Each structure stands twice: as C-alpha cells, then as structure tokens.
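# Kindly return the folded structure for what I paste below:
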Amino acid sequence: MRVLRRIAVLSLHTSPLAVPGGGDAGGMNVYVRAVSRELVAMGTEVDVFTRSTFEGQEPVEHPRPGVRVVHLPGASADTVPKEQLPLHLDRLSAGLRRFADADGGDRYDVIHSHYWLSGKVGLELQADWGVPLVHSMHTMAKVKNLHLLPGEPPEPDVRIFGEQDIAEGAARLVANTLTEATELRDLYGTPSERIDVVPPGVDLGVFHPAGRAPDRRALGIEDGTFHICFAGRIQALKGPQVLLAAAARLVDRYPDMRLQVTVIGEASGASPLDLEALVAELGLAGRVRLLPPVSAKELARHFRSADVVAVPSYSESFGLVALEAQACGTPVVATNVGGLPSAVSHGVTGLLVDGHSPDDWASALGELFEYPAFRARLGSSAAIHAAAFGWEQTAALTAHSYQHALDHFSPV
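Predicted coordinates:
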C-alpha cells in the first residue's frame with residue numbers, strides 16, 4: 001500500500017471557502033472542505049485548485065495547516081457565470097499547470113476532481129502527469145434532465161459529453177449513494193467495479209441536538225409556533241417554491257396554526273426565483289422570513305430551532321442539508337428522489353414525499369404538526385442516525401478509493 005503524500009483536488013467552478021447557500025456554493029463546498037481537513041488529519045497534504053472569487057484575489061490561502069487553496073486567475077466568479085465556464089477551462093488549466101510547475105512539477109499521488117468542469121481538466125492532467133484521476137460527479141446532466149420543470153431547458157450537450165468522457169476515462173468514480181452508483185452504471189455505462197460508494201458526512205461538533213430551547217428563544221421563535229426551515233440555493237431545482245405553496249395550504253387547513261417559515265439562501269442560477277413576490281402572492285406576509293446564507297454554526301442554530309426542516313428538491317445526489325438537520329435532532333420532510341432516501345429514513349427520522357404537489361407536502365408537514373409526540377420520536381431517531389455519518393469515515397473511504405486507483409492505474 002502506497003503512502004498518500006499529496007492530493008490535488010479540483011473544485012474549479014466554486015471555492016470550498018465560499019458560504020453554502022449563495023451563488024454556486026452548496027453541499028459540494030462543504031464536502032471538499034471537510035474531506036480535505038480529514039485527509040490532512042490522516043497525514044496527507046492537500047492542494048485545492050479553484051477559480052478566483054474576484055480578480056486580484058490572493059493566489060494562495062492556507063485555511064489550515066496541510067491545506068492550500070489555490071485561486072486560479074482568468075475566470076473569476078464575480079465576472080464569469082458557471083454556465084460560461086466551459087469556455088475558460090483551458091485558461092484555468094494553464095494556470096493550474098503553471099502553479100504546479102513552479103511548485104516542483106509533477107508532485108501529486110492522486111487527482112480528485114469534483115463536478116464535470118473539474119473532471120474535464122482532471123482527465124488531461126491524468127494523462128499528462130501519469131497519476132490516477134478519481135472523480136465525484138455530485139450532480140449529473142442525464143439525471144437532471146429526467147426531472148426538468150415545465151419550460152426548463154435541458155442540460156447542454158457539452159456537459160453530457162463531458163460527463164461521458166469522465167465516466168469512461170477516470171480511474172475511479174466516487175458515488176454518494178447506491179442510487180448514484182446505479183445511475184452512473186445505467187446512464188453512463190461505468191462498470192460497477194470502477195465505482196466506490198462513499199456517503200458524505202456531517203460535522204457533529206457543529207450540528208448536534210443540544211441547545212434547542214435556547215436557540216428558539218434567541219431566534220425569536222415563540223412558544224407554540226410551528227417552525228419550518230429551508231436552507232439552500234434559491235432556485236427552482238431546490239424547491240423553495242414548493243414549500244411556500246404548501247405553507248399556504250397549511251394556513252388554510254389549520255387556521256389556528258402559528259406558523260413560521262424560515263428560508264435561508266440567496267438567488268442562484270440563470271432563472272432565480274423571486275420569493276418575496278411569491279410570499280406576497282400566497283398571502284404569507286408575516287409568516288415567512290427570508291434570510292441570506294449563514295455560517296455553519298448559525299445554520300445549526302436555525303435547524304435546532306425548527307420543528308421540521310424541508311428539503312423539497314427535484315434532484316439531489318445525497319442532500320447534505322437533510323443530514324445536517326437530522327444531526328441537530330430535527331426531523332426532515334424530503335422529496336423521495338435521488339439520494340434523499342439514503343439520507344432520510346421514512347417514518348423513522350422524517351418523511352419522504354413522492355413528487356412536489358403542494359397538497360401532498362402540506363399533508364406531510366401537517367402530520368408532524370398534528371402529532372408532536374411522533375415528531376419528537378423522529379427527531380430523536382434522526383440524531384442517532386446522523387451520528388453514524390462523521391466526516392472521518394467519509395475521508396477514510398475516500399482514501400481507500402485513492403488506493404484502489406493507485407493499485408490499478410497504468411499510465412498511458
């Protein structure tokens with residue numbers, strides 16, 4: 001077994017230092033940051049390559065000993081939207097190579113790319129450096145195209161072709177769940193023997209159940225209030241519009257309900273949602289708080305203050321928010337899609353809803369409102385369930401995937 005000395009992590013379209021819930025930042029950012037931290041704890045050095053957040057940004061940051069975040073110039077996030085990034089990959093790749101050459105040349109044991117844009121560059125580096133590429137899709141175009149909303153454009157062919165190249169050329173593919181592994185096999189033809197299933201983790205030192213009552217008081221959640229929380233990018237794919245429509249039906253069904261809905265995140269994507277207008281249209285003024293993205297510590301406080309966390313996504317490779325909420329002892333109502341059934345155990349740690357009918361969502365949320373004892377049991381089980389998903393385990397399984405890649409890789 002070879003000792004893993006240094007890993008090159010590619011997260012080109014979004015920085016692991018960005019706060020989740022805004023722009024292109026989400027669970028993947030948390031994933032890259034946490035696994036890098038744990039790999040360092042195992043004795044491995046990690047360089048994370050990402051595009052600059054703004055032009056003129058400090059080229060290298062050291063968020064912790066053993067981890068360097070290298071900001072590549074030429075396609076900064078404040079000037080180039082993610083949709084246009086395929087046109088700038090050559091520039092980012094050239095900047096990455098210049099940094100590696102100046103830093104000692106070919107010095108990495110494994111390349112680990114995240115999302116298809118990084119995977120395209122990773123394939124080139126695998127060939128040029130003679131080291132294996134391990135790739136995590138996180139989301140896939142063919143899967144997203146199966147769940148398009150009415151009028152929503154399909155994912156572009158350049159992404160589909162890029163993902164196909166990665167599925168065929170990477171030394172190994174890391175899937176979050178068995179469902180994702182099956183999608184890689186059935187939709188992209190990746191042999192099962194080249195896929196490793198590695199569940200994401202949760203920071204149990206931040207997301208924990210202790211402090212529910214003080215957090216409710218501190219956040220102004222009055223006694224007797226049924227508090228529903230949503231956290232994520234504000235785009236149709238994440239489904240906050242479904243939650244708000246369901247909330248309006250809850251108000252109709254339970255006129256005496258003291259309802260509070262907290263939505264945490266900011267607009268993202270080419271067609272962002274106008275939630276303020278939707279709140280007014282649905283007659284929910286005074287019942288909904290729209291908040292910007294917050295730190296992990298603050299997010300945990302919101303989750304603990306909630307009676308339920310809603311994850312009404314149309315597509316999720318796993319659903320890290322669902323796991324973080326459960327770690328806080330809060331039951332989750334989530335769509336029965338993608339990796340969410342792996343994160344949420346129906347009837348044990350939360351409820352899964354088939355589809356996105358506001359009536360069905362209102363029924364699921366209403367069940368937790370009507371039966372507080374059931375809600376409490378779900379919350380207790382949720383905390384126990386999430387406690388098995390520490391980031392240490394994720395990093396150990398990821399390192400095992402790296403070893404598989406090294407054992408079977410033959411440079412061309």
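# list the buried ones in the helix or strand where residue 93 lies?
Using DSSP states H and E, residue 93 maps to helix 89-102. Buried residues in helix 89-102, counting neighbours by 16 or more other CB atoms under 10 Å, are found at 89, 92, 93, 95, 96, 97, 99, 100. Heads up, the C-betas are built off the backbone N, CA and C, glycines and all.
# where in this protein is pLDDT low?
The model of the chain has pLDDT under 70 over residues 1, 20-25, 105-106, 269-271, 412.
# can you pull out the strands in it?
For the chain, applying DSSP state E gives strands covering 6-10, 45-51, 60-64, 67-72, 110-114, 133-136, 172-175, 195-197, 225-231, 258-264, 288-291, 308-311, 332-335, 350-353.
# Serialize the ones you listed to TSV and add fields for distance to residue 375 and mean neighbour count.
Below are those laid out as TSV (distance: least, CB to CB, whole Å; neighbours: other CB atoms under 10 Å):
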stretch	distance to residue 375	mean neighbour count
strand 6-10	39	24
strand 45-51	39	24
strand 60-64	38	12
strand 67-72	39	21
strand 110-114	35	28
strand 133-136	34	28
strand 172-175	32	25
strand 195-197	31	18
strand 225-231	10	23
strand 258-264	15	20
strand 288-291	21	18
strand 308-311	7	28
strand 332-335	11	27
strand 350-353	10	24
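# that older thread, CA atoms only: put the helix holding residue 93 into CSV for me.
Extracted in CSV, the C-alpha atoms of helix 89-102 (Å, rounded to 0.1, in the frame of the first residue of the first chain):
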residue,chain,number,x,y,z
LEU,A,89,-11.3,25.8,-18.9
ASP,A,90,-8.1,26.0,-21.0
ARG,A,91,-7.2,29.2,-19.2
LEU,A,92,-7.8,27.7,-15.7
SER,A,93,-5.9,24.5,-16.7
ALA,A,94,-2.9,26.6,-17.9
GLY,A,95,-2.9,28.5,-14.6
LEU,A,96,-3.0,25.2,-12.6
ARG,A,97,-0.1,23.8,-14.6
ARG,A,98,2.0,26.9,-14.1
PHE,A,99,1.4,26.7,-10.3
ALA,A,100,2.3,23.0,-10.2
ASP,A,101,5.4,23.6,-12.3
ALA,A,102,6.7,26.4,-10.1
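# how distant is that helix from the center of its chain?
In terms of CA atoms, centre = their mean, to the nearest Å, the centre of helix 89-102 is found 26 Å from the chain centre.
# now for that helix, which elements pack on it?
strand 45-51, strand 67-72, helix 116-129 (3 or more CB pairs under 8 Å, 6 or more residues apart in numbering; DSSP states H and E).
# 7 Å - rerun?
Applying 3 or more CB pairs under 7 Å, 6 or more residues apart in numbering; DSSP states H and E, one finds that helix 89-102 contacts strand 67-72, helix 116-129.
# ok, residues contacting the first one?
In this case it means strand 67-72. Applying CB atoms under 7 Å, 6 or more residues apart in numbering, the external contacts of strand 67-72 come out as 15-17, 36-37, 40, 46-52, 57-63, 92, 95-96, 99.
# in its sheet, what does it sit against?
strand 45-51 (parallel), strand 60-64 (antiparallel) (DSSP bridges).
# Save those strands as CSV, and put in distance to residue 199 too.
Below are the strands paired with strand 67-72 laid out as CSV (distance: least, CB to CB, whole Å):
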stretch, distance to residue 199
strand 45-51, 20
strand 60-64, 23
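# Out of these, flag the one nearest residue 141.
strand 45-51 (20.6 Å; CB to CB).
# What is the burial count for residue 385?
Counted by other CB atoms under 10 Å, the residues lying close to residue 385 total 19.
# pretty sure it is touching residue 325, no?
No - counting by CB atoms under 7 Å, residue 385 does not reach residue 325; the two are 11.2 Å apart.
# ok, back up a step: and the helices and strands packed on helix 89-102: which comes nearest residue 299?
Checking these against residue 299 by CB to CB gives strand 67-72 as the closest, at 21.4 Å.
# that older thread, okay if I get the strands of the chain as JSON lines plus distance to residue 319?
Below are the strands of the chain laid out as JSON lines (distance: least, CB to CB, whole Å):
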{"stretch": "strand 6-10", "distance to residue 319": "22"}
{"stretch": "strand 45-51", "distance to residue 319": "23"}
{"stretch": "strand 60-64", "distance to residue 319": "25"}
{"stretch": "strand 67-72", "distance to residue 319": "25"}
{"stretch": "strand 110-114", "distance to residue 319": "17"}
{"stretch": "strand 133-136", "distance to residue 319": "15"}
{"stretch": "strand 172-175", "distance to residue 319": "14"}
{"stretch": "strand 195-197", "distance to residue 319": "15"}
{"stretch": "strand 225-231", "distance to residue 319": "11"}
{"stretch": "strand 258-264", "distance to residue 319": "15"}
{"stretch": "strand 288-291", "distance to residue 319": "20"}
{"stretch": "strand 308-311", "distance to residue 319": "6"}
{"stretch": "strand 332-335", "distance to residue 319": "6"}
{"stretch": "strand 350-353", "distance to residue 319": "11"}
